[in-house]
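**Student:** dropping the sequence and predicted coords here.
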Amino acid sequence: MSTFPGGIRFSVLDRSRTREGEPAPQALRDTVRLAQEVEALGYHRFWVSEHHSVPGVAGSAPTVLAAAIAAATSGIRVGTGGVMLPNHRPLVVAEQFGVLEALFPGRIDMGVGRSVGFTDGIRRALGRDKDDADRFAEQLDELLGWFTGEQTVHPQVHARPAEGLRVPPFVLATGEGAAIAAAAGLPLVIGDLRGRERLLAAVDAYRSAFRPSSWSAEPYVVIAGTVAVAATEEEARRLLMPEAWSLAHSRTRGVFPPLVAPGVIDGLAMTEKQRGFYEAGLDGHVHGTAEQVAEALERAVKETGAQEVLVTTSTYDRAALSESYRRLAEVVGLAPGTP
């Protein structure tokens, strides 16, 4: 727990971003190493994500990666931010998390989202279509039922070893997804920190509609967003540049590429359209010196009433990435070695 006002928890989400000129497996090894680093700094959780057929992201199998991370760490909670439930059968997801919980008892989180494969080709490869996202509430109910033994979709089937285990579920959502989390009585993970009015409206609606469940007696809000910390505001802004360019590239060329160094981006001749997406990708994130970032996060926590902040940072320079998390841990008062 931190000394930040209210004892707010701070956690990390890493998407295993690839870097130009390096093989994708290196990004996965970097993620495991980063988990070890943030555990030593005192962060509460370390989560990984699910993306398919994206050149800039190596994290395609979050439960597999979570197993490697849990094995390489000792106390930090490990989970997914998240498994995209429409891409999978709820039984298989329950079995995977059941195995994780059996191997690493008391350390596993089950974050799930409602997105489906990004393109038509990916959805076909997954055997899914856009309409599968509309079944998220139904799939979530089935998933939870595999753990409690109360699912009724397949009454003769049992999820082993999941049945009877307690793996804390979280819903990654905005809008309708927040309403689903409230109806199911589950913790809500919501971002990003740039759309403040929409964020506050969704959080308020979630709390108003929340129905206590066996999983969570009260609403629990985790706000998620990009945070970059450096010695100066300009240095922190440069940490955001590789991700902002990847976004601009994807919006104009249809491919989300590996990260490139800020120096490379400085020399690019962007089109007007690319420049617009690039500048938009830089704006609104929480970045600056440790003191500036702490002030911004304190304001966000106060406005939302969140109990936890889930931080994600993607940049080309691994040392600068580690230093950003170190500076944040220090300014919010995390206790090293105590997730």
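**Tutor:** Right, received. Where do you want to start?

**Student:** what segments of the chain are strands?
**Tutor:** Per DSSP state E, the chain carries strands over the ranges 9-14, 45-48, 77-80, 83-84, 108-113, 169-172, 188-190, 221-229, 286-288, 308-312.

**Student:** mind listing the strands the first one pairs with, and their directions?
**Tutor:** By that I understand strand 9-14. Each strand paired with strand 9-14, and its direction, by DSSP bridges: strand 45-48 (parallel), strand 308-312 (parallel).

**Student:** check the shortest one too.
**Tutor:** Strand 83-84 sits in its sheet next to strand 108-113 (parallel), going by DSSP bridges.

**Student:** so, low pLDDT: which residues of the stretch 51-200 of the chain?
**Tutor:** 117-118, 132-133, 175, 193-195 (pLDDT under 70).

**Student:** can you do 80?
**Tutor:** Counting by pLDDT under 80, the ranges of the stretch 51-200 of the chain that qualify are 115-123, 126-134, 174-176, 192-195.

**Student:** can you map out the helices along it?
**Tutor:** Counting by DSSP state H, counting those that start in this stretch, residue ranges of the helices within the stretch 51-200 of the chain are 62-72, 90-103, 120-126, 136-148, 176-184, 196-209.

**Student:** check contacts around the residue nearest the centre of the chain.
**Tutor:** Residue closest to the mean C-alpha point of the chain, counted by Cα atoms, centre = their mean, is Gly81 at 3.7 Å. Listed by Cβ atoms under 8 Å, 6 or more residues apart in numbering, the contact partners of Gly81 are 13, 47-49, 62, 111, 172, 189, 224, 310. C-betas here are computed from N, CA, C, even on glycine.

**Student:** same check on His249?
**Tutor:** Counting by Cβ under 8 Å, 6+ apart, His249 has contacts 255-257, 274.

**Student:** same thing but 7 Å
**Tutor:** 255, 257 (Cβ atoms under 7 Å, 6 or more residues apart in numbering).

**Student:** equivalent analysis for Ala230, please.
**Tutor:** Here Ala230 is in contact with 236, 239, 324 (criterion: Cβ under 7 Å, 6+ apart).

**Student:** kindly tell me how buried the nearest residue to the last one once chain neighbours are set aside is, as a neighbour count.
**Tutor:** Of all residues beyond its chain neighbours, the one nearest Ser324 is Val229 (4.6 Å), with distances taken as Cβ to Cβ, 6 or more residues apart in numbering. Neighbourhood size, Val229 [other Cβ atoms under 10 Å]: 28.

**Student:** list the buried residues for stretch 218-226?
**Tutor:** By 16 or more other Cβ atoms under 10 Å, the buried positions in stretch 218-226 come out as 219-226.

**Student:** now do it: distance to the chain's middle.
**Tutor:** Put simply, stretch 218-226 sits 11 Å off its chain's centre (Cα atoms, centre = their mean, to the nearest Å).

**Student:** distance of the residue nearest to Ser324 relative to Leu34?
**Tutor:** 15 Å (Cβ to Cβ, to the nearest Å).

**Student:** number of nearby residues for the closest residue to Thr148 other than its chain neighbours?
**Tutor:** Leaving aside its sequence neighbours, Thr148 sits nearest to Ser214 (Cβ to Cβ, 6+ apart; 7.3 Å). Look at Ser214: counted by other Cβ under 10 Å, it has 10 neighbours.

**Student:** wait, the residue nearest to Ser324 sits on Glu291?
**Tutor:** No. Using Cβ atoms under 7 Å, Val229 makes no contact with Glu291, being 9.7 Å away.
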